[in-house]
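Q: how would this look folded up:
(one chain, ligands or ions: 1)
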Amino acid sequence: MPNLRLTKHNTSILRSGIKLAEATSSDAIVLLLSGATDWQRLAELIKEAAFEKPFVVALDLVEDLDGAAEAGLHPIALKKEKAPLLERLQHALLEAAADEFIKTNDEIVAIYGGFAQGRLDSVSHLKLDERMRRLSARDLQSLESSVPLKTLKAIVDLAVQIGVEGREGKPVGALFVVGDSRSVLKHASDSGVDPFRGYNRKSRNVLDAKVQEDAKELAQLDGAFIISADGSIERSRQMLEVLHEDLNMSKGLGARHWAAAAITRRTNAIAIVVSQSTGTVRLYQDGFLKMQIEPMDKGIKWQEISFKPPSVSSES
Ligand SMILES: Nc1ncnc2c1ncn2[C@@H]1O[C@H](COP(=O)(O)OP(=O)(O)OP(=O)(O)O)[C@@H](O)[C@H]1O
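A: Below is the predicted model:
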């Protein structure tokens with residue numbers, strides 16, 4: 001992806017964004033890029049403008065962020081090269097909240113290029129909504145599970161994506177049971193052919209982007225994913241045996257949610273469920289609902305963002 005040159009034009013858009021952030025007492029700036037830039041120079045520019053709040057830089061490839069943190073910026077790797085602008089921006093905000101660079105009810109100035117690669121053209125002032133519920137790293141840590149945070153975050157991200165995107169325009173539900181997989185497997189049986197069976201651990205690790213895509217596809221089929229603490233999918237398409245007489249569940253939750261709560265009652269696993277009907281993601285531990293995340297598109301209230309095609313297309 002092309003790097004962003006800090007041309008006179010791009011610099012003046014950045015300065016305008018900083019000015020807007022100051023004028024609106026915004027809590028942070030999020031700069032959305034498609035490639036690296038001169039992080040030191042960007043940091044100097046921010047310093048010259050005396051902007052002291054968090055300045056988040058979001059782009060797709062982790063290697064393009066080399067040096068950004070050292071320059072005092074807050075880097076986020078999006079891994080969403082092909083996604084539309086609005087989705088990338090939403091994702092950047094959610095990641096920034098998850099990493100605690102911003103808070104879910106902050107006011108943010110976003111700076112980005114909507115029309116041409118390598119050219120900044122847009123500055124937006126966004127009011128995030130308090131209901132933008134996203135697990136922060138601290139929320140997940142509070143679960144006191146032996147499952148590493150990295151694995152939990154990846155599965156929660158995947159679940160949220162399934163809840164928001166569905167598959168081919170249709171809503172899709174899913175159930176991920178992570179950790180204590182040996183015990184979990186004792187309460188599970190095949191509901192169909194398991195496509196992950198026989199692959200080596202690396203090729204079925206849910207931290208891998210390709211495996212995540214496969215998991216999204218498979219979520220349409222019946223049954224649960226059973227995942228070990230390191231992120232390897234041990235089995236998919238598993239029916240879990242459910243004895244739920246001692247569970248205290250909200251009314252209206254279906255069989256998948258009962259199965260999720262029940263398995264975490266009997267084992268030390270954590271279950272992450274996507275509701276097919278609402279896209280809500282729920283997280284169960286010890287038989288209890290611990291966290292609930294509403295689909296993000298309902299969670300963020302966007303200010304109107306309207307685009308006018310630029311009249312001049314060359315860089316100044
Ligand atoms: N015991 C179970 N183990 C694994 N998966 C199950 C189990 N029971 C149900 N499911 C999965 O849940 C799907 C249907 O779930 P159902 O609609 O009853 O509940 P729900 O997902 O909790 O509800 P909703 O999606 O409407 O919020 C099934 O098609 C199956 O894939």
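Q: per-residue confidence averaged over stretch 287-302?
A: The pLDDT scores in stretch 287-302 average 64.
Q: what do you get for stretch 14-30?
A: Rounded mean pLDDT across stretch 14-30 is 97.
Q: which residues are contacting that stretch?
A: The contact list for stretch 14-30 (CB atoms under 8 Å, 6 or more residues apart in numbering) reads 6, 31, 42, 45-46, 49, 51, 53-56, 58, 89, 92-93, 96, 101-103, 106-111, 120, 123, 125. Every residue, glycine included, has its C-beta placed from N, CA and C.
Q: Straight-line length of it, end to end?
A: Using CA to CA, to the nearest Å, the end-to-end distance of stretch 14-30 comes to 11 Å.
Q: how close does M249 get to T278?
A: 15 Å (CB to CB, to the nearest Å).
Q: what does V178 give?
A: Using CB to CB, V178 is found at 22 Å from T278.
Q: quick one, which of these two is more surrounded?
A: Shown here are V178 and T278; by other CB atoms under 10 Å, V178 has more neighbours (30 against 14).
Q: Leaving out sequence neighbours, find the closest residue to that one.
A: I227 (4.4 Å; CB to CB, 6 or more residues apart in numbering).
Q: The one you found: neighbour count?
A: Around I227 there are 29 residues (other CB under 10 Å).
Q: That one contacts S181, correct?
A: Yes - using CB atoms under 8 Å, I227 makes contact with S181 at a distance of 6.8 Å.
Q: Quick check: neighbours shared by these two?
A: By CB under 8 Å, 6+ apart, I227 and S181 have these common neighbours: E234.
Q: For the ligand, give me its nearest residue in this structure.
A: Per CB to the nearest ligand atom, G254 is where the chain lies closest to the ligand, at 2.1 Å.
Q: Got phi/psi on that residue?
A: In terms of degrees, to the nearest 10, the main-chain angles of G254 are phi -90, psi -170.
Q: Show me what from this protein comes close to the ligand.
A: Contact residues (CB under 6 Å from any ligand atom) of the chain with the ligand: 173, 175, 222-224, 239-240, 242, 253-257, 259, 275-277.
Q: Give me the three-state assignment for L45.
A: Following DSSP: H, G, I helix; E, B strand; the rest coil, we place L45 in the helix state.
Q: and it, what is it in contact with?
A: 6, 11, 14-15, 18.
Q: Repeat that for D121.
A: 13, 112-115, 310 are the contacts of D121 under CB under 8 Å, 6+ apart.
Q: Can you show me the strands along the stretch 101-250 of the chain?
A: 107-112, 122-127, 174-178, 188-190, 224-227, 233-240 (DSSP state E, counting those that start in this stretch).
Q: hmm, back to that, pull the most distant pair out of the contacts of D121.
A: The largest separation in those, counting by CB to CB, is between Y112 and P310 at 13.4 Å.
Q: who has more neighbours, these two?
A: Y112 (21 against 13).
Q: From I233, how far out is S122?
A: The gap separating S122 from I233 is 40 Å, by CB to CB.
Q: Pick out whichever of these two has more residues nearby.
A: Higher neighbour count among S122 and I233: I233, with 26 against 19, using other CB under 10 Å.
Q: Could I get the pLDDT score of the more buried one?
A: Residue-level pLDDT assigned to I233 equals 97.
Q: How about it, nearest residue that isn't a chain neighbour?
A: Using CB to CB, 6+ apart, the closest residue to I233 is R204 (4.4 Å).
Q: OK, contacts around that neighbour?
A: Contact analysis of R204 by CB under 8 Å, 6+ apart lists 196, 211, 232-233.
Q: Any chance of a PyMOL selection covering the buried ones in these?
A: Of the contacts of R204, the buried ones go into a single PyMOL selection, burial set by 16 or more other CB atoms under 10 Å:
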select buried, resi 196+211+232+233
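Q: Serialize the contacts of R204 to TSV and add fields for distance to L289.
A: Output for the contacts of R204, formatted as TSV (distance: CB to CB, whole Å):
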residue	distance to L289
F196	28
V211	27
S232	26
I233	24
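Q: Thank you kindly, that will do.
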